[in-house]
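A.B. asks: predicted structure and sequence below. I'll ask about it afterward.
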Amino acid sequence: MTSEKMDAIRAKDLAKDEFKDLPNLVKDELEKHRQLYLSDPVAAHYWDPVVIGTPGGPVACLLLHHLGHKSGVWRNTALQYYRFNGDILIVASRGGTEEPPSWYLNLMANNACRIQVGANGSSAVARVITGEARAAYWDHISREQPAQIEYQQRCRREIPIIALDLPEGVRL
């Protein structure tokens with residue numbers, strides 16, 4: 001998706017409850033990135049989200065493997081990640097839609113997962129950052145990716161921040 005197309009979507013100034021789903025062009029680009037991560041994880045590790053209308057240059061991405069809470073089938077999703085206070089973090093913003101991403105619902109049902117950062121992978125346990133600690137994490141994330149501020153303004157739900165805790169001694 002070009003920046004112009006995403007700007008046109010933003011310019012519509014949709015009411016918060018109207019922005020329930022991601023545009024198909026965004027979904028298509030996210031799927032291309034996921035497929036690239038599956039075939040060439042080193043190339044997919046840094047990805048430029050300008051193709052979905054988010055400027056700022058390449059961002060670090062991981063591949064999250066999570067168990068479907070309804071299907072019981074393992075799924076995978078390529079996501080931007082952040083590092084703060086020794087944690088690997090992902091954000092369940094889904095572009096500011098009211099509905100959280102399905103991977104988040106899956107992690108809430110079963111927090112055991114696997115992550116791949118470039119060519120390296122590990123098991124992990126998902127943990128939602130809450131309480132007073134969340135503010136510092138959100139500040140770090142929104143400085144690194146200012147689009148997260150727009151996403152939070154677009155929806156009524158508090159966008160969850162998830163830490164992916166690795167086994168002791170594992171570094172990615």
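C.D. replies: Done, it's in.

A.B. asks: what's the longest helix in the chain?
C.D. replies: helix 24-39 (DSSP state H).

A.B. asks: ok, then the element right after that helix?
C.D. replies: As assigned by DSSP states H and E, the chain's next helix or strand after helix 24-39 is helix 41-45.

A.B. asks: what is that following helix packed up against?
C.D. replies: Under the contact definition 3 or more CB pairs under 8 Å, 6 or more residues apart in numbering; DSSP states H and E, helix 41-45 sits against helix 24-39, strand 59-67. All C-beta spots, glycine's among them, are computed from the backbone N, C-alpha and C.

A.B. asks: what comes up buried for the longest one?
C.D. replies: Within helix 24-39, the residues scored as buried using 16 or more other CB atoms under 10 Å are Leu25, Val26, Glu29, Leu30, His33, Arg34, Leu36, Tyr37.

A.B. asks: and for stretch 85-98?
C.D. replies: In stretch 85-98, counting by 16+ other CB under 10 Å, buried: Asp87, Ile88, Leu89, Ile90, Val91, Ala92, Ser93, Arg94, Gly95, Gly96, Thr97.

A.B. asks: and if you look at stretch 133-153?
C.D. replies: Neighbour-count burial for stretch 133-153, counted by 16+ other CB under 10 Å, picks out Tyr137, Trp138, His140, Ile141, Ser142, Glu144, Gln145, Ala147, Gln148, Tyr151, Gln152.
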